[in-house]
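Visitor: Here's a sequence, model it:
(2 chains, ligands or ions: 3)
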Amino acid sequence: MTKIVRTAATEPFKPMPDDDMIVCRCEEITKGEIRKAVYDGMSTTNEVKRWLRCGMGLCQGQTCQKNVQSIISRELGLKIPDIGQITGRSPVRPVVMEVFANDVLDVHEEA
Amino acid sequence: MKRHEVLVIGAGPAGLSAAIEAAKNGMDVAVFDENARPGGQLFKQIHKFFGSKEHHAKERGFNIGKDLLKEARDLGVKVYLDATVMGIYYDKEILVNHNGEVDHFKGDTIVIATGAAENMVSFKGWDKPGVIGAGAAQALMNLQGVQPGEKILMVGSGNVGLVVSFQLLQAGCQVAAVIDAAPRVGGYGVHASKVARTGVPFYMKHTVVEALGEDKVEGAVIAEVDDHFQPIPGTEKTLDVDTICIAVGLSPMSQLADNAGCEMKFLPKKGGNVPVVNEYNETSMDGIFCCGDVAGIEEASSAMLQGKIAGSTASYKNGYIDEDEWQQSVEKYRASLEQLRTGMFAPQNKGRTDMTETDEGIPLSKSLLAKGYVTDEELAEFPACSTKVSGVHPVIECTQNIPCDPCQDACKFGCIKVGSNISKLPVINPEATCTGCGMCIASCSGQAIFLVNEDYEDGFATVALPYEFLPLPQAGDKGKALDRSGKPVCDAEIVSVKSSKVMDMTNILTMKVPVEYAGTARFYRA
Ligand SMILES: Cc1cc2nc3c(=O)[nH]c(=O)nc-3n(C[C@H](O)[C@H](O)[C@H](O)COP(=O)(O)OP(=O)(O)OC[C@H]3O[C@@H](n4cnc5c(N)ncnc54)[C@H](O)[C@@H]3O)c2cc1C
Ligand code: SF4
Ligand code: SF4
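Guide: Numbers count the residues shown, from 1 in each chain, chains lettered A, B, ... in the order given. Ligands and ions are numbered 1, 2, ... in the order given. Predicted structure coming up:
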């Protein structure tokens, strides 16, 4: 498990000129939104993910995770291991519901 | 539920090698890959690989993939394609998305060999169409036969950025520049030099700050960065490009290992979050192995050896080979791995910037690290680059310690020596006589060998060079000779073009230039 180091941002949120830059393409989350999430109290990659959905889209964080992490870690002055990784979960790739409906249920035949 | 003793996830060099090793020892193996075409990264690699013969050196990547696949199939390995492994569950059960259905498989051993994904950088306008990963560019060119764009900016000077830049040139695209935020070219000097000599400028300590254009890339703004990688205002330059290609490193795709419950660790030197593995590539979960890029970004050559070590260990643990046989094979693979992990680009030297000379004590070229090519003065320090020899002779412009030795095997006349430490610089044996056969040029994975003959004709010399572009010039063609920086320096006439099957698509152009350019003319342009 990643050790969670809580250091909530103490200063007020200051807007930056590139806050409108999209960082998570799949869910269209901007740099400003991620920075703000930190000031709203999120301090791990997973928390920011749950708060904003960045990393929950089609690419499952494959493209944006490192960039999201670098924004969080810079705001908090923490290192990447301190803010942790997105938890690897099944399904590791997006799956259409139709596929789940087509579960090959030969499990019983062998049992 | 279907059963196989070994379930391998990923049909790249690591996964296929693990499968081959286990199947050779008699195990029942299945390999799953989410792509329609197996081979992992190898299928996009059309360049010749480094290493030694045992690491498939001088073979082109996609051919190595084909060989591995054939070997696996011949051994009875079941290869499931279009089969995405979605998760790993209790007791080594995996869930596979295959043919539009969810399929269940169970094994005694699982080998996770899922490779890596590309990193991205975010900058103003990076989400516009026309900003693509280097891997996507390769897939377009080398698998679909489509040019990714016409004028390209390459961001990243590691081996991936350099190799893909060269392939873009081969595909007929223009490469406007190769840039990198780091102060030094990250990849092999020989890869950089073959790009630089075609005239591509290198801007180190530069980053891309904006992708211009309305709804697609119509230009790129780059700027110099300070020591903290922040753009320096006032240094911006606008480049006329329609595509920005990103090659800024890879991250292990280790989610399945995390999902399986393996102990994970964030290790920047390995490229990100990786499973902790022991010396046999086994994770903290008994019977679950991780090898190749997923366990730490390296090379295909090392991925294959890690796969073999995992395959051999699984065979031993399941009683297919005895302890002696296992230890012997692992020792052999480990020794081969050690050979690859030598030289200035070895994993343990990753990120080092303090190296100033080669193992032989020759000053490293600063120009190579800043601009992608070695200067005449710097080259004069390297004995294998001397042009002051009578008759036709090789000039080997390979100036960094990289694990590679096909040049030594190529010369049947004993002209070139690397020795048993394959990271040593190649040297020329003054006793042997060069016949001008050209095999060294064609075998050199770095396209770093030239044949020079200063006694060709009164006042004229010939320079023979490796050439992998179309259309292929013909004898009698006249054009310009370019120097190492890609600057036209003199007129050149093609006197011969050699291509043969053993040269594996590397053609040898011999051009005639005024003798004073024998030491500088290194590329030809019609
Ligand atoms: C441009 C470029 C040039 C290179 N040049 C060289 C070189 O000259 N020499 C060299 O030695 N190396 C080179 N490499 C590096 C080499 O290609 C990689 O190190 C090597 O391919 C890693 O092998 P692997 O088996 O670990 O992973 P990969 O080759 O990436 O294979 C992993 C496979 O697993 C599949 N997969 C992933 N997740 C799943 C899942 N959930 N279910 C099913 N399948 C899955 C992937 O789709 C992929 O097919 C180069 C790489 C690049 C990008
Ligand atoms: S041209 Fe032939 S003989 Fe001469 S060094 Fe190269 S391989 Fe040897
Ligand atoms: S000169 Fe030899 S060692 Fe250097 S890149 Fe070419 S083949 Fe490899």
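
Visitor: So the biggest strand by length in chain B, near ligand 2 or not?
Guide: Of all segments of type strand in chain B, defined using DSSP state E, the longest is strand B:488-498. No. Using CB under 6 Å from any ligand atom, we find that strand B:488-498 stays clear of ligand 2, coming within 10.7 Å at best. Just so you know, the C-beta spots here come from the backbone N, C-alpha and C atoms, and that holds for glycine as well.

Visitor: Now the residue in the stretch 151-300 of chain B that ligand 2 sits nearest to. Nearest residue, chain neighbours left out?
Guide: Distance from ligand 2 to each residue of the stretch 151-300 of chain B (CB to the nearest ligand atom) is smallest for residue B:190, at 16.4 Å. Using CB to CB, 6 or more residues apart in numbering or on different chains and skipping the chain neighbours, the partner closest in space to residue B:190 is residue B:446 (2.8 Å).

Visitor: How about the contacts made by the one you found?
Guide: Residues in contact with residue B:446 (CB atoms under 8 Å, 6 or more residues apart in numbering or on different chains) are B:50, B:188, B:190, B:191, B:193, B:194, B:398, B:402, B:404.

Visitor: What helices and strands are in contact with the helix or strand containing the residue of the stretch 151-300 of chain B closest to ligand 2?
Guide: Here residue B:190, judged by DSSP states H and E, is contained in helix B:189-196. Applying 3 or more CB pairs under 8 Å, 6 or more residues apart in numbering or on different chains; DSSP states H and E, one finds that helix B:189-196 contacts helix B:159-170, strand B:174-180, helix B:366-371.

Visitor: can you do 7 Å?
Guide: helix B:159-170, helix B:366-371 (3 or more CB pairs under 7 Å, 6 or more residues apart in numbering or on different chains; DSSP states H and E).

Visitor: does any part of the shortest one sit near ligand 3?
Guide: What that stands for is helix B:366-371. No. Using CB under 6 Å from any ligand atom, helix B:366-371 never reaches ligand 3; the gap is at least 13.2 Å.

Visitor: So for whatever helix or strand comes next after that helix, what gets flagged as buried?
Guide: Next helix or strand after helix B:366-371 toward the C-terminus (DSSP H and E): helix B:376-379. Neighbour-count burial for helix B:376-379, counted by 16 or more other CB atoms under 10 Å in any protein chain shown, picks out B:378, B:379.

Visitor: and helix B:376-379, anywhere near ligand 3?
Guide: No. Helix B:376-379 lies out of reach of ligand 3 by CB under 6 Å from any ligand atom, never closer than 13.5 Å.

Visitor: what does the average pLDDT come to for that helix?
Guide: For helix B:376-379, mean pLDDT rounds to 95.

Visitor: before we move on, what about stretch B:419-435?
Guide: pLDDT averaged over stretch B:419-435 gives 94.

Visitor: Stretch A:18-33: end-to-end distance?
Guide: The straight-line separation of the ends of stretch A:18-33 (CA to CA, to the nearest Å) is 11 Å.

Visitor: helix, strand or coil for the residue of chain A found nearest ligand 1?
Guide: Chain A approaches ligand 1 most closely through residue A:92 (5.3 Å), counting by CB to the nearest ligand atom. Under the three-state scheme (DSSP: H, G, I helix; E, B strand; the rest coil), residue A:92 adopts coil.

Visitor: so how many other residues sit close to the closest residue to it other than its chain neighbours?
Guide: The spatially closest residue to residue A:92, leaving aside those adjacent along the chain, is residue B:255, at 4.5 Å (CB to CB, 6+ apart). Counted with other CB atoms under 10 Å in any protein chain shown, residues neighbouring residue B:255 total 27.

Visitor: pLDDT on the longest helix belonging to chain A, on average?
Guide: When chain A is parsed with DSSP state H, its longest helix is helix A:65-76. In this model, helix A:65-76 has an average pLDDT of 94.

Visitor: same for that helix, what does it pack against?
Guide: Judged by 3+ CB pairs under 7 Å, 6+ apart, the packing partners of helix A:65-76 are strand A:22-24, helix A:31-39, helix A:45-52, helix A:80-83.

Visitor: now for the ones you listed, which one comes closest to ligand 2?
Guide: helix A:80-83 (48.4 Å).

Visitor: Show me what that closest one packs onto, helices and strands only.
Guide: Under the contact definition 3+ CB pairs under 7 Å, 6+ apart, helix A:80-83 sits against helix A:65-76.

Visitor: For the helix it packs on, give me every contacting residue.
Guide: A:7, A:9, A:23-24, A:31, A:34-35, A:38, A:43, A:45, A:48, A:54-55, A:79-80, A:83, A:86, B:119-120, B:122, B:251 (CB atoms under 7 Å, 6 or more residues apart in numbering or on different chains).

Visitor: what's the answer for stretch B:415-426, then?
Guide: Outside stretch B:415-426, the residues that reach it (CB under 7 Å, 6+ apart) are B:52, B:339, B:342-343, B:358-360, B:384, B:394, B:396, B:398, B:401-405, B:407-408, B:427-429, B:432, B:434, B:440.

Visitor: What's the end-to-end length of that stretch?
Guide: End-to-end span of stretch B:415-426 (CA to CA): 10 Å.

Visitor: what about the closest residue to ligand 3 within chain A, neighbour count?
Guide: For chain A, the residue closest to ligand 3 is residue A:66, as judged by CB to the nearest ligand atom, at 31.7 Å. Residues lying near residue A:66 (other CB under 10 Å) number 21.

Visitor: what's the pLDDT at the residue nearest to residue B:190?
Guide: 97.

Visitor: Low-confidence ranges, the chain, go.
Guide: Just so you know, I chose chain A. Scanning chain A for pLDDT under 70 picks out the ranges A:1-9, A:106-111.

Visitor: oops, chain B please
Guide: Applying pLDDT under 70 to chain B flags residues B:387.

Visitor: For the most centrally placed residue in chain A, give its distance to chain B.
Guide: The residue lying closest to the centre of chain A (CA atoms, centre = their mean) is residue A:49, at 3.3 Å. Using CB to the nearest CB, to the nearest Å, we find residue A:49 at a distance of 13 Å from chain B.

Visitor: got a list of what the nearest residue to that residue once chain neighbours are set aside touches?
Guide: Excluding its sequence neighbours, the residue lying closest to residue A:49 (CB to CB, 6+ apart) is residue A:55, at 4.6 Å. Neighbouring residues of residue A:55 by CB under 7 Å, 6+ apart: A:24, A:49, A:61, A:64, A:65, A:68, A:86.

Visitor: residue ranges of the helices in chain B, please?
Guide: Remark: helices assigned in chain B by DSSP H are B:13-24, B:61-74, B:134-138, B:159-170, B:189-196, B:255-260, B:300-317, B:323-340, B:366-371, B:376-379, B:406-410, B:439-443.

Visitor: How many neighbouring residues does the residue nearest to residue B:408 when sequence neighbours are not counted have?
Guide: Using CB to CB, 6+ apart and skipping the chain neighbours, the partner closest in space to residue B:408 is residue B:418 (4.3 Å). When counting by other CB under 10 Å, one arrives at 19 neighbours for residue B:418.
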